[in-house]
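A.B. asks: Show me the folded form of this:
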Amino acid sequence: MTYFPDTADFQKLSDHKRKMEDFSLRTALEGPGRFEKYSHSLENMVFDFSKHLITDETQDLLLSLAHSMDIEDIRDKMFAGEKINITENRAVLHTALRAPRSSSIMVDGENVIPFIYDVLDQMRSFSESVRSGHHKGYTGQSITDIVHIGIGGSDLGPRFVVDSLVDFCSGPALHFVSNVDGHDISSTLKKLSPETTLFIIASKTFATEETMLNAEVAKRWLLQSAPLGSISKHFVALSTNEEAVLRFGILKENMFPFRDWVGGRYSLWSAIGLSIALAVGFEHFRALLDGAHAMDQHFKTAPFDQNIPVLMAMIGIWYINFWGYTAHLLLPYDARLGKIAKFAQQMDMESNGKAVDRDGNIVDYATGPVIFGEPGTDSQHSFMQLVHQSPTPIPADFLIVKKPSHDLKENHNSLIANFLAQTRALAIGQTLDEAGSDISRVFTGNRPTTSIILPELTPFYLGMLIAAYEHKVFVQGVIWNLNSFDQPGVELGKKLAKPLKENIISQKIDPSLDGSTKGLLKTLIG
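C.D. replies: Now for the predicted structure:
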């Protein structure tokens with residue numbers, strides 16, 4: 001496999017990898033001080049890299065590569081509001097969404113911080129009105145249920161956060177609808193009453209097909225029993241397209257705007273996070289932003305050998321581009337974090353799953369990994385067999401919360417034991433002698449893992465965790481010379497779907513289609 005920065009740093013890492021092929025994690029972990037050397041903490045959150053195929057030389061070489069790729073410069077440009085999304089000529093400012101009110105960040109001559117805080121103040125006022133019962137539906141009843149309709153980044157972020165912060169949810173019940181499959185919205189609406197339901201339509205353009213189809217279904221459902229004017233009481237919009245929002249029937253004061261420098265998969269910190277504020281209360285939403293800002297400051301200021309997102313990123317580069325390990329596993333040993341892999345899939349695979357680099361060259365090297373994962377102990381009874389014994393190792397992040405929100409001590413003790421046992425087993429394996437001469441029970445070990453310990457699962461720590469993964473993806477994109485903030489790969493399927501839908505509606509099959517698609521289309525509409 002070739003790799004684009006054909007530099008001295010790359011060559012040194014290639015040579016070093018050959019020397020590391022005999023490296024034994026089992027032996028390394030027997031030595032003193034490895035945990036202390038390769039683990040880092042921030043605000044009492046621990047990131048342990050000691051179970052990786054690394055030495056001091058490995059880390060030095062990886063960080064030399066990082067410095068050579070101008071990460072500091074591009075990072076500083078991102079935080080300053082420069083237009084590092086070069087294909088769309090946009091700034092990338094999800095970090096500004098969690099910056100203090102006293103900050104100043106200029107984009108096209110405008111300090112965007114006052115706009116950000118105007119929206120946050122609007123979100124605070126509206127969320128408090130709904131949660132207090134002051135905001136009423138068309139019959140004068142308070143809102144008991146909220147349906148968030150969006151897709152992609154307009155769904156995955158809020159959905160993951162609300163699930164993770166279930167212990168903080170004290171407002172109306174939240175329901176999320178994303179799939180264009182009619183079963184998704186119809187099964188949700190069956191459980192609800194039009195009189196007490198609020199709909200949040202989350203779409204930057206207010207033209208996303210899946211979202212707007214579901215929004216129209218919701219509007220028809222409401223108007224079956226409610227007068228036309230009730231839309232203003234039961235629908236709000238999270239969008240940049242005021243004209244389309246007004247045309248739908250939503251009042252301007254019920255539109256929560258954001259700017260084009262907020263990418264969808266980085267948008268939960270913006271107006272897209274309104275459902276989070278409604279679920280957990282605005283103060284907890286603010287704490288989520290503050291946690292992310294704490295990680296932002298760490299990423300901006302910590303030297304690379306202590307910089308958690310940089311270390312996460314460069315260790316990933318080590319495996320993807322030098323060892324050929326192109327998958328990455330996320331294992332939350334906490335049911336509340338159960339959707340983290342699904343959330344991280346979009347953040348990572350949509351950001352860095354690119355075929356063309358920033359200079360317009362076709363890439364011929366591995367970029368973003370395949371991200372997957374499920375909650376911890378469940379996964380031990382499914383795909384972990386492959387993770388322990390497949391010929392190709394799969395690096396993994398294990399996440400656990402030190403202090404649970406329940407008082408079932410025996411359960412938590414078992415959870416911790418399984419968390420520790422899995423990372424230990426992956427690292428040290430089991431020899432033939434230890435397996436009682438049963439070769440089927442031999443584990444090679446040397447399978448790398450990161451262990452992440454959150455002191456508690458609070459909004460602040462969740463914000464820190466998410467921001468760490470955001471910055472990891474950013475650093476890897478810089479190393480691979482990619483624009484991590486566009487998404488051309490999602491556009492072709494949408495483009496091809498439009499004429500196919502016309503074929504379905506007209507019941508006429510375009511003769512220019514390929515034979516397979518024609519056969520499938522005939523089967524589906526016949």
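
A.B. asks: average pLDDT across stretch 230-238?
C.D. replies: The pLDDT scores in stretch 230-238 average 96.

A.B. asks: now swap in stretch 516-526 and tell me
C.D. replies: Here the average pLDDT along stretch 516-526 is 92.

A.B. asks: Give the buried residues for that stretch.
C.D. replies: residue 521 (16 or more other CB atoms under 10 Å). Glycine gets a C-beta too; all of them are placed from N, C-alpha and C.

A.B. asks: Stretch 42-58 too?
C.D. replies: Residues 42, 45-55, 58 are the ones in stretch 42-58 that count as buried (16+ other CB under 10 Å).

A.B. asks: start to end distance for stretch 245-254?
C.D. replies: 9 Å (CA to CA, to the nearest Å).

A.B. asks: now do stretch 301-313
C.D. replies: One end of stretch 301-313 to the other measures 16 Å (CA to CA).

A.B. asks: Tell me which residues are up against it.
C.D. replies: Under the contact criterion CB atoms under 8 Å, 6 or more residues apart in numbering, stretch 301-313 has outside partners 40, 42, 47, 49, 59, 63, 66-67, 71, 295, 298-299, 450, 467-476, 479.

A.B. asks: run the last query once more with 6 Å
C.D. replies: The contact list for stretch 301-313, computed with CB atoms under 6 Å, 6 or more residues apart in numbering, reads 40, 47, 63, 66, 299, 468, 471-472, 475-476.

A.B. asks: Of the buried residues of stretch 42-58, which belong to strands?
C.D. replies: Among the buried residues of stretch 42-58, DSSP state E puts 42, 45-48 in strands.

A.B. asks: quick one on the thing from earlier: kindly reformat the buried residues of stretch 42-58 as TSV containing pLDDT.
C.D. replies: Putting the buried residues of stretch 42-58 into TSV (pLDDT from 0 to 100) gives the following:
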residue	pLDDT
42	98
45	98
46	98
47	98
48	98
49	98
50	98
51	98
52	98
53	98
54	98
55	98
58	98
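
A.B. asks: Is residue 214 in contact with residue 176, as I believe?
C.D. replies: No - between residue 214 and residue 176 no contact is recorded; they are 10.8 Å apart, counting by CB atoms under 6 Å.

A.B. asks: which of those two has more neighbours?
C.D. replies: residue 214 (27 against 22; other CB atoms under 10 Å).

A.B. asks: Okay, buried residues for the helix or strand hosting that one please.
C.D. replies: Assigning secondary structure by DSSP states H and E places residue 214 in helix 209-223. Neighbour-count burial for helix 209-223 flags 210-212, 214-215, 217-219, 221-222 (criterion: 16+ other CB under 10 Å).

A.B. asks: to the chain's geometric centre, what's the distance from the helix or strand following it?
C.D. replies: Next along the chain after helix 209-223, taking DSSP H and E as the criterion, comes helix 231-234. Chain-centre distance of helix 231-234: 31 Å, with CA atoms, centre = their mean, to the nearest Å.

A.B. asks: Could you do stretch 472-491 as well?
C.D. replies: So, by CA atoms, centre = their mean, the centroid of stretch 472-491 is 14 Å from its chain's centroid.

A.B. asks: ok, now stretch 201-220?
C.D. replies: Stretch 201-220 has its C-alpha centroid displaced from the chain centroid by 22 Å (CA atoms, centre = their mean).

A.B. asks: Next: stretch 53-67.
C.D. replies: 26 Å.

A.B. asks: How about exporting that stretch as PDB, limited to the C-alpha atoms?
C.D. replies: Output in PDB follows, covering the C-alpha atoms of stretch 53-67 (Å, rounded to 0.1, in the frame of the first residue of the first chain):
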ATOM      1  CA  LEU A  53       1.800  -1.600  20.000                       C
ATOM      2  CA  ILE A  54       3.900   1.400  20.800                       C
ATOM      3  CA  THR A  55       7.200   2.300  22.500                       C
ATOM      4  CA  ASP A  56       8.700   5.700  23.200                       C
ATOM      5  CA  GLU A  57      10.300   5.500  19.700                       C
ATOM      6  CA  THR A  58       6.900   4.800  18.100                       C
ATOM      7  CA  GLN A  59       5.300   7.700  19.800                       C
ATOM      8  CA  ASP A  60       8.200  10.000  18.900                       C
ATOM      9  CA  LEU A  61       8.100   9.000  15.200                       C
ATOM     10  CA  LEU A  62       4.300   9.400  15.100                       C
ATOM     11  CA  LEU A  63       4.400  12.800  16.600                       C
ATOM     12  CA  SER A  64       7.200  13.900  14.300                       C
ATOM     13  CA  LEU A  65       4.900  12.900  11.400                       C
ATOM     14  CA  ALA A  66       2.100  14.900  13.000                       C
ATOM     15  CA  HIS A  67       4.300  18.000  13.300                       C
END
